[in-house]
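Colleague: below is the sequence, then the predicted model.
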Amino acid sequence: MNHIPHTKTAEIERNFNHFVQLLPSLMAEHEGEYALLRDTEIIGFYPAAIDAQIAGNQRFPDHLFSIQLVKTTAEDLGYWSHALRPRQP
């Protein structure tokens, strides 16, 4: 593991890009589970997002990790997915 200090946003982006490449091979055994990732490595799989969050918080006090749902379709987060980008007129 080659841990280079970086921001939470950079960690999420790096992990997501790697996760997308691995997704097809993960579907058979882990569909519907949540993957905990750090430094582009999958640390473990969890049945619920909160379980992955707790595990990440306990294992990585710097909070540089991310969580991804093993699923081929995007999940609509409703209000929260629109909160980051206000509607343009």
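Modeller: Structure received. As the structure is a computational prediction, the values presented were derived from the model and not from experiment.

Colleague: I'd like the next helix or strand past the longest helix along the chain.
Modeller: For the chain, the longest helix by residue count, based on DSSP state H, is helix 8-30. Under the assignment DSSP states H and E, the closest C-terminal helix or strand after helix 8-30 is strand 34-38.

Colleague: CA-only coordinates of that following strand in PDB, if you can.
Modeller: As requested, the backbone C-alpha atoms of strand 34-38 are provided in PDB (Å, rounded to 0.1, in the frame of the first residue of the first chain):
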ATOM      1  CA  TYR A  34     -21.100  -2.100   0.400                       C
ATOM      2  CA  ALA A  35     -17.300  -2.100  -0.300                       C
ATOM      3  CA  LEU A  36     -15.000  -0.200   2.100                       C
ATOM      4  CA  LEU A  37     -12.000   1.200   0.100                       C
ATOM      5  CA  ARG A  38      -8.700   2.900   0.900                       C
END
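
Colleague: output the contacting helices and strands for that strand.
Modeller: Using 3 or more Cβ pairs under 8 Å, 6 or more residues apart in numbering; DSSP states H and E, the elements in contact with strand 34-38 are helix 8-30, strand 41-46, helix 49-59, strand 66-69. For every residue, glycine as well, the C-beta is placed using N, CA and C.

Colleague: which residues does the second one contact?
Modeller: The reference is to strand 41-46. 1, 19, 22, 30, 33-37, 52, 55-56, 59, 65, 70 (Cβ atoms under 8 Å, 6 or more residues apart in numbering).

Colleague: hey, what's the residue nearest to the spatial centre of the chain bridged with?
Modeller: The chain has residue 67 as the residue nearest its centroid, 2.5 Å off, counting by Cα atoms, centre = their mean. On the basis of DSSP bridges, residue 67 is bridged to residue 36.
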